[in-house]
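**Q** I'll drop the sequence and a predicted model, then ask my questions.
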Amino acid sequence: MTKIIALAAALFSVVILPLKAEEISQEGSLSNLKVPQFLDIAHRGASGYVPEHSQASTVMAHAMGADYIEQDIQLTRDSVPVVLHDEVLDYITDVSQVFPEKHRPDGHYYVVDFSLGELKQLSITPRHKDYELVYPNRFSNNDVRFPVQTLDEQLKLIHELNRTRGKSTGVYVEIKSPRWYQQQGYDATAAVMSVLAQNGYHDTMATPIFLQSFDPEVLRRLKREYNWEQPLIQLIGDNEWGMSDVDYSSMRTSAGLEAVKSYAEGVGLWLNHVLEGVNQGQPEGQPTWSPVLDTADNKGLDVHVYTLRADDLPEGVESHSQLRQWLKTAGAEGVFTDFPDQK
């Protein structure tokens, strides 16, 4: 399978090339580079240990040796890209305490209804729903403040950590809900690309970088309008999530992946679409894989699987490390994980 490998050069000016590992020259300036053959992508940072997308989560992921740190992007009322997973603030901040009346008629507090100044008054909290923690054994002290971060702040933080630690940790940016933002009168893609350009992502890259989206038109637009030459990842969800009119079931077929190949270098696959189960009849249990892994391989698409959680393992899986190794052996090129230290 084609390998997408991020190569770092002096001052972290890099070019990301789709090369096979055996094709990498061992001469000249590349000889001292450590090129990861399997990517550990910190899912919303080291979110298994501290609240997701917080500055602390980014720093911890960097220190734990993540190859890439994911950045999910939402927009403020003043069109500033901020690093938050959800379109709403309800489940990841203290918004109901700080701005109790600033919700829409549906009861939700939307990121896009708040200015950056207002968001900076909030604190990121452990993920919760109906006043219960989603992951009760994770960080739970709401007295510790974690300010909402902009994409600009996160990029500058990672660049400086790379400089001081002598690393080339990359960023993995998701342009989220572009059609929804368009309905609200915003251009999420343009806002993200503007911040990237301001932070050194031009002809050469300030760090290794992937851009990802669940919306295929976003990725096509990046190629068409922005002449983006770095790796693009088509995220593939499940039709039952009801998040889009994209037919993700068809996208996982041979014909669907052939179409993806025309505009993307890889796919982000949901773990449940990859691991069909663990056969308990064999010694210690062995995984059963979906055909989508081989299909993607045959199309020359890299596969990054989401999301590994040590505290929420599939039935029959003994540990995070076991699941990671199984996926690596099965042919995946990387995993998104809440626990980037557990390898």
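**A** Sure, I can see it. Small disclaimer: the values here were computed from a predicted structure and weren't measured.

**Q** So which residues of the stretch 151-300 of the chain form strands?
**A** 170-175, 209-213, 232-236, 266-270, 275-279, 286-289 (DSSP state E, counting those that start in this stretch).

**Q** Adding distance to Lys223, write the ones you listed out as a markdown table.
**A** Every residue, glycine included, has its C-beta placed from N, CA and C. Formatted as a markdown table, those follow (distance: least, C-beta to C-beta, whole Å):
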| stretch | distance to Lys223 |
| --- | --- |
| strand 170-175 | 13 |
| strand 209-213 | 10 |
| strand 232-236 | 7 |
| strand 266-270 | 14 |
| strand 275-279 | 31 |
| strand 286-289 | 30 |
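
**Q** Tabulate those (JSON lines), appending mean neighbour count.
**A** Putting those into JSON lines (neighbours: other C-beta atoms under 10 Å) gives the following:
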{"stretch": "strand 170-175", "mean neighbour count": "25"}
{"stretch": "strand 209-213", "mean neighbour count": "25"}
{"stretch": "strand 232-236", "mean neighbour count": "24"}
{"stretch": "strand 266-270", "mean neighbour count": "24"}
{"stretch": "strand 275-279", "mean neighbour count": "16"}
{"stretch": "strand 286-289", "mean neighbour count": "15"}
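
**Q** Can you lay out these as CSV showing mean pLDDT and distance to Val305?
**A** Formatted as CSV, the strands of the stretch 151-300 of the chain follow (pLDDT from 0 to 100; distance: least, C-beta to C-beta, whole Å):
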stretch, mean pLDDT, distance to Val305
strand 170-175, 98, 13
strand 209-213, 98, 13
strand 232-236, 98, 11
strand 266-270, 98, 5
strand 275-279, 94, 8
strand 286-289, 94, 11
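
**Q** what's the weakest-modelled helix or strand in this protein?
**A** The helix or strand of the chain with the poorest confidence is strand 15-18; it has a mean of 35 (mean pLDDT, DSSP states H and E).

**Q** contacting residues around Lys223?
**A** 232, 263 (C-beta atoms under 8 Å, 6 or more residues apart in numbering).

**Q** Use 880 as the first number for this chain going forward.
**A** I'll keep to 880 as the first residue from here, and by that count the last item is Lys1102.

**Q** Give me the residues contacting the helix or strand following the least confident helix or strand of the chain.
**A** Sequence order places strand 918-921 as the next helix or strand after strand 894-897, per DSSP states H and E. By C-beta under 8 Å, 6+ apart, the surrounding residues in contact with strand 918-921 are 936-937, 940, 943-949, 1051, 1183, 1203, 1212-1216, 1219, 1222.

**Q** Poorly predicted segments of the chain, please.
**A** Applying pLDDT under 70 to the chain picks out residues 880-915, 1160-1163.

**Q** what helix or strand is the residue sitting nearest the centre point of the chain on?
**A** For the chain, the residue nearest the mean C-alpha position is Glu949 (3.8 Å; C-alpha atoms, centre = their mean). If you go by DSSP H and E, Glu949 is part of strand 947-954.

**Q** which secondary structure elements does that strand contact?
**A** Strand 947-954 sits against strand 918-921, helix 934-942, strand 960-962, helix 1030-1044, strand 1049-1054, helix 1067-1077, with contacts defined as 3 or more C-beta pairs under 8 Å, 6 or more residues apart in numbering; DSSP states H and E.

**Q** Can you name the next helix or strand after the shortest one?
**A** Okay, so that is strand 960-962. Using DSSP H and E, the helix or strand that directly follows strand 960-962 along the chain is helix 974-977.

**Q** What are the contacting residues of whichever helix or strand comes after that next one?
**A** Once helix 974-977 ends, the next helix or strand along the chain (criterion: DSSP H and E) is helix 995-998. Outside helix 995-998, the residues within contact range by C-beta under 8 Å, 6+ apart are 955, 957, 959, 961, 978, 990, 1027, 1029.

**Q** Equivalent analysis for stretch 1148-1156, please.
**A** For stretch 1148-1156, contacts defined as C-beta under 8 Å, 6+ apart pick out 1115-1117, 1131, 1166-1169, 1171-1172, 1175, 1182-1187, 1193-1195, 1202, 1205-1206, 1209, 1211.

**Q** Out of the helices and strands packed on strand 947-954, flag the one nearest Asp1094.
**A** Asp1094 lies closest to strand 1049-1054 among these, at 7.7 Å (C-beta to C-beta).

**Q** Distance from that closest one to the middle of the chain?
**A** Remark: strand 1049-1054 is offset 6 Å from the chain centroid, using C-alpha atoms, centre = their mean, to the nearest Å.

**Q** Give the other helices and strands that that strand contacts.
**A** If contacts are counted by 3+ C-beta pairs under 8 Å, 6+ apart, strand 1049-1054 sits against strand 947-954, helix 1030-1044, helix 1067-1077, strand 1088-1092.

**Q** what lines up beside that strand in the sheet?
**A** In the sheet, strand 1049-1054 lines up against strand 947-954 (parallel), strand 1088-1092 (parallel) (DSSP bridges).
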